[in-house]
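S.K.: coordinates for the following, if possible.
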Amino acid sequence: MAESDDRLLMVIDDEPAQSRLVCTLAAREGWRTMVVDSCDKALASLTSPDGDTIGAVLLDQWVPGDGACDFIRQIRTLRPHMPLLMLTASASPLLAVEAMRAGATDYLMKPVAPERLLKALRSATRAQTPRDELQPLTEKLDERLDFDAMVGTAAPFRTALAKAATAARSHGHVLVEGEPGTGKEMLMRAMQASSTRARNGDRFVNCGSLQANSLDSLLFGHEKGAFAGAFDRQDGLLQACDGGTLMLDEVDKLSPASQERLAQVLATGIVRPTGASHGFRVDVRVFAASDQPLEQLVEDGEFSADLFDVLKATHITLPPLRQRLGDIPALTRYFLSRFGQRPGLAHHSIADSALTLLEAYDWPGNVRQLQAVLFRAALFCEREALTADCFPQLSNLLGHNPARGESRARGVGVLLYTEDGNLRPLEEIEADVIRLAIGHYRGRMTEVARRLGIGRSTLYRKLSELGIDNAA
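M.R.: So this is what the prediction gives:
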């Protein structure tokens, strides 16, 4: 995050209620805010003697209207490197693409979700150099909800997916752990979409984005007059999800009291709203996610042992991307294929030089960061095939000649030439194609055989001859 002198957020918005909400949320991250209701006032503030104290801008697209992209270019001319977030009610992906090309750092959909805004502020102002193409984008694409959208053949990843697919069909609670950006939210939503409760109510809550008292009321509900400011009765999400599923991201951020209270609800099946004289019986399934290993937090006395015991009925760990670098070619092609389906974005392929560069980076932001980097490249590169030149920040970080040996040894990308410019042996290329197909169709060997135009028995014979482990 930026230093205190830079943590002044200028909000360009003519809706007082929305401005108050944004200012309240930004204050949680330590931001001071100033609100202007017109583009002229915004430009005047940026060009004033105190304009350099403005560390970021949040623009409601409604203020400049159709001229939003032109206004973004004006701001970008004045402050080339300042984070600029655009808030829009339009669901048009074309507008988002145009805004990004004009210079917007990120864009958010109205009504703004608290966790989305906070994540965008953190990402846009994270102190890392270089950062321009490596920071995540909050709402690039609508996420698919099925397991087929989770691409990869690495053994730890496939083990996690297999456990998740089995858990989806059962009835117990599930705990998903993994570093930020590994796909925990996506996995939980895929499990819910595949579960017997898919048609029932489900809600998603980011526990790290809400204050403790607000989170308590949201989860458990409260009676009118239960505390100062409780002007009306509110049902909690545990009641709203009766018969369905409640997904809790960053469950480790729950307060100790809330952890114990939730453990009791899940153990007894009875939830009592704050201030209520009696409880309500509920049948709720919980999918919980944590960036940190909860078992260690329990040992350190920082997480409820009772809640951990309830949640760990099925315990899934998603590996970081640096432990599954062999999946990068398949992930890259999958993301580029999805980007090409969006209005305003062209279809792109990926060159060997670019794949080598992507595989050489350790991806601290994991799959989410890889997706963001590819999105920016697809957004700004006009050539059909993305090359290493389309990723200048990665080139600067890694140098222009990262070693290709490891990438070639993994054999996941289908490379045609050796380093001396000669064609690789057909047997090696065939093995690469089969590995790629197994990854693309997520180990469904009947589908792999069908798409390759061979029988299952022929496929398994080739796996044996080529020394390919189809479970790896």
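
S.K.: tell me the domain ranges of this structure?
M.R.: The chain breaks down into these domains under automatic domain parsing: 6-124, 155-317, 334-466.

S.K.: what mean pLDDT does the second one get?
M.R.: Within the predicted structure, the mean pLDDT of domain 155-317 is 89.

S.K.: so that it lines up with my notes, have the first residue be 477 from now on.
M.R.: Got it, first residue is 477 now, which makes that one domain 631-793.

S.K.: ok, the closest residue to Glu778 other than its chain neighbours to Leu773 distance?
M.R.: Distances taken as CB to CB, 6 or more residues apart in numbering put Asp728 closest to Glu778, at 7.9 Å, once the chain neighbours are dropped. Quick note: C-beta positions are derived from backbone N, CA and C, even for glycine. According to CB to CB, to the nearest Å, Asp728 stands 6 Å off from Leu773.

S.K.: and Trp839, by the same measure?
M.R.: Applying CB to CB, the value for Trp839 to Leu773 is 25 Å.

S.K.: now swap in Ala861 and tell me
M.R.: Going from Ala861 to Leu773 by CB to CB gives 46 Å.

S.K.: neighbour-wise, which of those two wins?
M.R.: Ranked by neighbour count (other CB atoms under 10 Å), Ala861 and Leu773 place Leu773 first, with 16 against 13.

S.K.: quick one: contacts for the more buried one?
M.R.: Contact analysis of Leu773 by CB atoms under 8 Å, 6 or more residues apart in numbering lists 728, 779.

S.K.: quick one, phi/psi of it?
M.R.: According to degrees, to the nearest 10, the main-chain angles of Leu773 amount to phi -60, psi -40.

S.K.: same check on Asp767?
M.R.: In terms of degrees, to the nearest 10, the main-chain angles of Asp767 are phi -70, psi -20.

S.K.: skip the chain neighbours and tell me the closest residue to it.
M.R.: In space, Asp767 is closest to Pro656, 5.4 Å off (CB to CB, 6+ apart).

S.K.: is it true that that neighbour lies in a strand?
M.R.: No. Under DSSP: H, G, I helix; E, B strand; the rest coil, Pro656 falls outside any strand and is assigned coil.

S.K.: test my guess that it contacts Val843.
M.R.: No. The pair Pro656 / Val843 is not scored as a contact, 10.3 Å apart, by CB atoms under 8 Å.

S.K.: who has more neighbours, those two?
M.R.: Each of Pro656 and Val843 has its neighbours counted (other CB under 10 Å); Val843 has more, 24 against 15.

S.K.: nearest spatial neighbour of Phe696, skipping sequence neighbours?
M.R.: Nearest non-adjacent residue to Phe696, counting by CB to CB, 6+ apart: Gly712, 4.4 Å away.

S.K.: cool, and Gly816?
M.R.: Once flanking residues are discounted, Gly816 sits nearest to His823: 3.5 Å by CB to CB, 6+ apart.

S.K.: try Gly931
M.R.: Gly931 sits nearest to Ala925 (CB to CB, 6+ apart), 6.1 Å away.

S.K.: residues contacting that neighbour?
M.R.: Contacts for Ala925 (CB under 8 Å, 6+ apart) come out as 931-932, 934-935.

S.K.: tell me the pLDDT of it.
M.R.: At Ala925, pLDDT is 90.

S.K.: relative to the whole chain's centre, how far out is the helix or strand containing it?
M.R.: If you go by DSSP states H and E, Ala925 is part of helix 921-928. Mean C-alpha position of helix 921-928 versus that of the full chain (CA atoms, centre = their mean, to the nearest Å) differs by 30 Å.

S.K.: repeat that for stretch 647-661.
M.R.: 12 Å.

S.K.: name the helices or strands packed onto the host helix or strand of Val843?
M.R.: Per DSSP H and E: Val843 is located in helix 842-856. Under the contact criterion of 3 or more CB pairs under 8 Å, 6 or more residues apart in numbering; DSSP states H and E, helix 842-856 touches helix 569-578, helix 804-815, helix 828-836, strand 861-862.

S.K.: to Leu870, which of the ones you listed lies closest?
M.R.: Closest approach to Leu870 among the helices and strands packed on helix 842-856 (CB to CB): helix 828-836, 5.4 Å.

S.K.: so for Trp507, what's the pLDDT?
M.R.: With respect to pLDDT, Trp507 has a value of 88.

S.K.: the strands in the stretch 477-626 of the chain, which residues?
M.R.: Using DSSP state E, counting those that start in this stretch, the strands assigned to the stretch 477-626 of the chain run over residues 484-488, 508-512, 532-536, 560-564, 582-585.

S.K.: export the domains of the chain as TSV, with columns for distance to Gly802.
M.R.: Output for the domains of the chain, formatted as TSV (distance: least, CB to CB, whole Å):
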stretch	distance to Gly802
domain 482-600	27
domain 631-793	10
domain 810-942	4
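
S.K.: how far is stretch 487-503 from where the chain is centred?
M.R.: Offset of stretch 487-503 from its chain centre (CA atoms, centre = their mean): 24 Å.

S.K.: also stretch 795-812?
M.R.: Offset of stretch 795-812 from its chain centre (CA atoms, centre = their mean): 15 Å.

S.K.: shouldn't the residue nearest to Glu778 be within a strand?
M.R.: No. Assigned with three-state DSSP, Asp728 falls outside any strand and is helix.

S.K.: what residues are shared contacts of Asp728 and Leu773?
M.R.: With CB under 8 Å, 6+ apart, Asp728 and Leu773 have common neighbours Phe779.

S.K.: sorry, back to before: let me know which of the helices and strands packed on helix 842-856 is the nearest to Lys639.
M.R.: Smallest distance to Lys639 across the helices and strands packed on helix 842-856 (CB to CB): 20.3 Å, for helix 804-815.

S.K.: sorry, back to before: could you dump the strands of the stretch 477-626 of the chain to TSV with distance to Ala640 and mean neighbour count?
M.R.: Output for these, formatted as TSV (distance: least, CB to CB, whole Å; neighbours: other CB atoms under 10 Å):
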stretch	distance to Ala640	mean neighbour count
strand 484-488	38	24
strand 508-512	40	17
strand 532-536	36	25
strand 560-564	33	24
strand 582-585	28	22
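
S.K.: can I get those in TSV with distance to Ala641?
M.R.: As requested, the strands of the stretch 477-626 of the chain are exported to TSV (distance: least, CB to CB, whole Å):
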stretch	distance to Ala641
strand 484-488	43
strand 508-512	45
strand 532-536	40
strand 560-564	36
strand 582-585	30
